[in-house]
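**Student:** Please find the sequence and the predicted model below.
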Amino acid sequence: MYASHRGLQHEYEVSCKELDFLVDFSEDKEFIYGSRMMGGGFGGCTINLIETDKIAAYTKEVSQAYKEKFNIELEAISVAPSQGTLVEKIEK
């Protein structure tokens, strides 16, 4: 995920300083397995793969750092992957 973000950041130049900050901030955390921008660049959002029990503490930490750096309130949304689409065989 980090390599993907760096490609978007440097090769396609579709990131921004706010998104780069969020990705950089997460990179040395052992409990975060990846981070990258997603959606529209130039102020979109990042997606982060974080251990469940660390989400609240990390959100608080990164929100404070983001506010200090950019004077912007960070809006974090926690989601969990679902099992996706299922195809069910209907017996007649």
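**Tutor:** Structure received.
**Student:** what's in contact with the longest helix seen in the chain?
**Tutor:** Secondary structure of the chain per DSSP state H: the longest helix is helix 55-70. The contact list for helix 55-70, computed with Cβ atoms under 8 Å, 6 or more residues apart in numbering, reads 18, 21-22, 25-26, 29, 31-32, 50, 72-74, 76, 78. Every C-beta, even on glycine, is put in place using the N, C-alpha and C of the backbone.
**Student:** Could you tell me which of these are located in helices?
**Tutor:** Filtering the contacts of helix 55-70 for membership in helices, criterion DSSP H, returns 18, 21-22, 25-26.
**Student:** Could you identify the least confident member of these?
**Tutor:** Lowest pLDDT among the ones in helices among the contacts of helix 55-70: residue 18, with 93.
**Student:** how much space is there between it and residue 73?
**Tutor:** Residue 18 sits 12 Å away from residue 73 when distances are taken as Cβ to Cβ, to the nearest Å.
**Student:** more neighbours, these two?
**Tutor:** Of the pair residue 18 and residue 73, residue 18 is the one with more neighbours under other Cβ atoms under 10 Å, namely 18 against 8.
**Student:** what's the distance between residue 19 and residue 4?
**Tutor:** According to Cβ to Cβ, residue 19 and residue 4 sit 12 Å apart.
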